[in-house]
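Chemist: Next come a sequence and a model predicted from it.
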Amino acid sequence: MQPAPPARPASEGRGAASEAPGPASASASAPGPAPVPGPHDGPVPVPVPGHVLVVDDDPTVSEVVAGYLAGAGYEVARAADGPAALECFARRRPDLVVLDLMLPGMDGFEVCRRMRAHGRVPVIMLTARGDEDDRILGLETGADDYVTKPFSPRELVLRVDSVLRRAHAAPIPAGRSALLEGAGLVLDPAARSATREGAVLALTLREFDLLAFLLRHPGRVFTREELMSEVWGWDFGDLSTVTVHVRRLRGKVEADPARPELIRTVWGVGYRLDLPPGDALAGPGDVLAGPGDALAGPGEPA
C-alpha cells in the first residue's frame, strides 16, 4: 500500500522527490518566497536543519515521502534497500531515519539493529503490518515511532518534526537539572541517562520521555490521550503507540513485567506510576487491575 499524495504535493518534481532511489540526497526549502527583512527588522528565525534518510523499496512511496520532507525544509537522502541504507548511513549519519519494515533481502528490523550498533539515531518505521508483535519488535530494535501504511505524508512530516524536536531539545544548564528518582530508578534529564538499581537502562527517546513524565507525576493516572499529548506532543494518532511503549518500558523497569508494580494499569482510565510506600501514595479512588493487568477489556490499556 502507498500513501495517496494530494493533488499538489509540496515539492513535486524537485529535490529528493525527483531522485532515483538510492544513496542520493537533496535539499529544498519550504515552498513560497521568504519575506525580505527591512532595515530595522530583527534577525529572521532559521529553522534547525535536519538530514533525513528515507529507506523504502517502493519508488512512489519514497518519492512522495522525500518530496514532502524536502518541502518542509529537510535535507533528504533516499535508499531502496538495506545495504544502500547502511552505505548512506556510514557516509553521512542522518538526524533521523524513516525506515520501511518490509525491504528486500534485509528487512527493516535488521537495518535498524545495524544502525543502532553505531549509536543513537531516531528511527520512524513504515510498515504495512498492523500486528502488535511487529510494533513491539520494532520498538525493541530501537524505533522511536512507527507509521502504518497507508498514511498521510503530512502526518509523517509532523511526526518527524516531533521526534527531532525532542531529540534536539536544548540541554538543561548544569546545576539546574534535578534528578528524577524513585523505586530504584534515577533519571538525569540533562544527560538523558537512566539507571535502575545502579544498572544502566537502554531506553529509546520515547521510553525515556515517558518514564521521566511519569516520575514527575507519581500517583496520578493519565489516559492514553493525555500521554500522547504530553509525551509525544500529538493531538492525534494511534493510541496503541502508547500501549506498546508502556509494555516495552515495563520490560525494562519492572522486576516482573508480567506483574507490574511500578507502572500500573488503572481499569477503564489509563496508566499510573506507583512509587513504594514512603516515596509517594496512590491517589484515592483509583481501582487497579489485577496481577499482570490482564483484565483490560477491548480498546482499554493493558
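Modeler: Yep, that arrived. Residues are numbered from 1 along each chain as shown.
Chemist: Please enumerate residues in contact with stretch 180-189?
Modeler: Contact with stretch 180-189 is made by 172, 177-179, 193-197, 201, 208, 211-212, 215-216, 218, 253, 262, 273, 275-276, 279-280, as judged by C-beta atoms under 8 Å, 6 or more residues apart in numbering. C-betas here are computed from N, CA, C, even on glycine.
Chemist: Next, the buried residues of it.
Modeler: 180, 182-183, 185-189 (16 or more other C-beta atoms under 10 Å).
Chemist: Quick one: end-to-end length of it, please.
Modeler: In stretch 180-189, first residue to last residue: 8 Å (C-alpha to C-alpha, to the nearest Å).
Chemist: ok, now stretch 252-267?
Modeler: Terminal-residue distance, stretch 252-267 (C-alpha to C-alpha): 22 Å.
Chemist: Now that stretch: average pLDDT?
Modeler: For stretch 252-267, the mean per-residue pLDDT is 92.
Chemist: Can you list the buried residues in that stretch?
Modeler: Buried-residue list, stretch 252-267, by 16+ other C-beta under 10 Å: 253-254, 257, 260, 262-267.
Chemist: now the residues you listed in TSV, with secondary structure and distance to residue 58?
Modeler: Formatted as TSV, those follow (DSSP: H, G, I helix; E, B strand; the rest coil; distance: C-beta to C-beta, whole Å):
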residue	secondary structure	distance to residue 58
253	helix	38
254	coil	39
257	coil	36
260	coil	39
262	coil	41
263	strand	37
264	strand	42
265	strand	38
266	strand	41
267	coil	42
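Chemist: Quick one: neighbours of residue 275, just the number.
Modeler: If you count neighbours by other C-beta atoms under 10 Å, residue 275 ends up with 17.
Chemist: And residue 197, by the same measure?
Modeler: 9.
Chemist: one step back: just the ones of the contacts of stretch 180-189 in helices?
Modeler: Those of these mapping onto helices are 208, 211-212, 215-216, 253, per DSSP state H.
Chemist: Distance to residue 147 for the residues you listed - can I get that in TSV?
Modeler: Shown next, in TSV, are the ones in helices among the contacts of stretch 180-189 (distance: C-beta to C-beta, whole Å):
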residue	distance to residue 147
208	21
211	23
212	24
215	28
216	28
253	26
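Chemist: For PyMOL, write a command that selects the buried ones of the residues you listed.
Modeler: Here is the PyMOL selection string for the buried members of the ones in helices among the contacts of stretch 180-189, based on 16+ other C-beta under 10 Å:
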select buried, resi 208+211+212+215+253
